[in-house]
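In: Let me see the structure of the following:
(one chain, ligands or ions: 1)
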Amino acid sequence: MSSLDLTHSGKVRNSPIRPGVGTPRRYAQQHSRSHPPPPSKGEQDMKIGIIGAGNIGGNLTRRLTALGHDVQVANSRGPQTLSALAEETGATPVTVEEAPRDAEIVVVTVPLKAVPDLPSGLLDGAADRVTVIDTGNYYPQRDGRIAGIEDEGLTESRWTARNLGHTVVKAFNGTYAQDILDRARPAGAPDRIALPVAGDDAAAKQVVRALIEELGFDTVDAGGLDDSWRQQPGTPVYGLRADVEGVRKALAEASPERGPDFTA
Ligand SMILES: NC(=O)c1ccc[n+]([C@@H]2O[C@H](COP(=O)([O-])OP(=O)(O)OC[C@H]3O[C@@H](n4cnc5c(N)ncnc54)[C@H](OP(=O)(O)O)[C@@H]3O)[C@@H](O)[C@H]2O)c1
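Out: Sure, this is the predicted structure:
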């Protein structure tokens, strides 16, 4: 297993979040000198559905609510299990079916093996031209063998898009969940890191890049979904904390071969 296994290495198997960290007020206190003020209510606030409330989904819920977005969040066990996160953040706990309702952005952040189990027609109630963010990574040890990826050679996000019946934008998949809370910096800060973003829909990709920049990170256009192997587990950019130039260089140095840790 690679040391960059963000999900399973003890180093980054984060959460529960340190008590108090990540609440909107605490975040504002911690970042009051280094983070720009959130956008004023009503200008850029969006309805965002988050499917998966674990390491990544939980921290995106924390930060996106702190920025003033209207977040509805779901997990596999039901909204009654999300009361602590809801109380902490002000997000609305919902069922998986309800999470995309009227959402302009839907984040799918579940283990890959759970993607085929998501309800069919999941995105039917979402806003027109909904943007879907896929944070997923394929770990055969966790997800079992996925033939579409291993035999057909689909990129992980192409496989997810096919399962969802909707194109996706690949983002956050190589980002340590804790970095979503701890590494946000204002635009222009010397230590602001960049995240690669891949997708076929240029408008959706732009929506995601703007959201990530609002969250406190630069972005790099990593191409379309068929190019997104460049940011999958085991690649140089996976888990990299670097600026725009560093991320571009790492994407360019990637090899399409899946390493032995990432095949079954
Ligand atoms: N951890 C990281 O640092 C990291 C970084 C980048 C990308 N990723 C990738 O992002 C994805 C999510 O990772 P994670 O670490 O956040 O996972 P996680 O902590 O294990 O959380 C997974 C979440 O998905 C929910 N879930 C599972 N099956 C579901 C289903 N059928 N319907 C609805 N919700 C379901 C779980 O709900 P329950 O708890 O109720 O079962 C849980 O809230 C993975 O593909 C991972 O590889 C992780």
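In: Tell me which stretches of the stretch 151-264 of the chain form helices.
Out: 156-164, 177-182, 202-215, 244-252 (DSSP state H, counting those that start in this stretch).
In: Dump the first one to CSV, restricted to CA.
Out: If I follow you right, that is helix 156-164. Taking Å, rounded to 0.1, in the frame of the first residue of the first chain, the C-alpha atoms of helix 156-164 are listed here in CSV:
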residue,chain,number,x,y,z
GLU,A,156,-11.8,6.0,-12.0
SER,A,157,-13.9,9.1,-12.6
ARG,A,158,-15.1,7.9,-16.1
TRP,A,159,-16.3,4.7,-14.4
THR,A,160,-18.1,6.8,-11.7
ALA,A,161,-19.7,9.0,-14.3
ARG,A,162,-20.9,6.0,-16.2
ASN,A,163,-22.5,4.6,-13.0
LEU,A,164,-24.1,7.9,-12.1
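In: if we can go back for a sec, need the winner for burial among the helices of the stretch 151-264 of the chain.
Out: Ranked by mean neighbour count under mean count of other C-beta atoms under 10 Å, these are led by helix 156-164, which reaches a mean of 23. From N, CA and C alone the C-beta is placed, and that goes for glycine too.
In: so residue 113 sits right up against residue 143, yeah?
Out: Yes. Taking contacts as C-beta atoms under 8 Å, residue 113 lies within contact range of residue 143: 4.0 Å.
In: So which of the two has more stuff around it?
Out: The residue with more neighbours, out of residue 113 and residue 143, is residue 143; 18 against 15, by other C-beta atoms under 10 Å.
In: contacting residues for the nearest residue to residue 220 once chain neighbours are set aside?
Out: Nearest residue to residue 220, sequence neighbours excluded (C-beta to C-beta, 6 or more residues apart in numbering): residue 247, at 4.5 Å. Residue 247 makes contacts with 194, 195, 196, 220, 237, 240, as judged by C-beta atoms under 8 Å, 6 or more residues apart in numbering.
In: Could I get the pLDDT score of residue 247?
Out: Residue 247 carries a pLDDT value of 98.
In: Same check on residue 4?
Out: For residue 4, the model assigns a pLDDT of 38.
In: do residue 91 as well
Out: 98.
In: Give me the neighbour count for it.
Out: With other C-beta under 10 Å as criterion, residue 91 counts 24.
In: Check whether residue 170 really touches residue 199, as I assumed.
Out: Yes. Contact criterion C-beta under 8 Å: residue 170 and residue 199 qualify, at 6.4 Å.
In: before we move on, the earlier item: and the helices of the stretch 151-264 of the chain: which comes nearest residue 67?
Out: Ranking these by proximity to residue 67 (C-beta to C-beta) places helix 202-215 first, at 6.2 Å.
In: Restricting to C-alpha, output the closest one in CSV.
Out: This file holds the C-alpha atoms of helix 202-215, laid out as CSV (Å, rounded to 0.1, in the frame of the first residue of the first chain):
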residue,chain,number,x,y,z
ALA,A,202,-15.8,23.2,-19.3
ALA,A,203,-18.6,25.1,-17.5
ALA,A,204,-18.8,22.5,-14.7
LYS,A,205,-15.1,22.5,-14.3
GLN,A,206,-15.1,26.3,-14.0
VAL,A,207,-17.8,26.1,-11.3
VAL,A,208,-15.6,23.6,-9.3
ARG,A,209,-12.4,25.6,-9.8
ALA,A,210,-14.2,28.7,-8.5
LEU,A,211,-15.5,26.8,-5.5
ILE,A,212,-12.1,25.4,-4.7
GLU,A,213,-10.5,28.9,-5.0
GLU,A,214,-13.2,30.2,-2.6
LEU,A,215,-12.2,27.3,-0.2
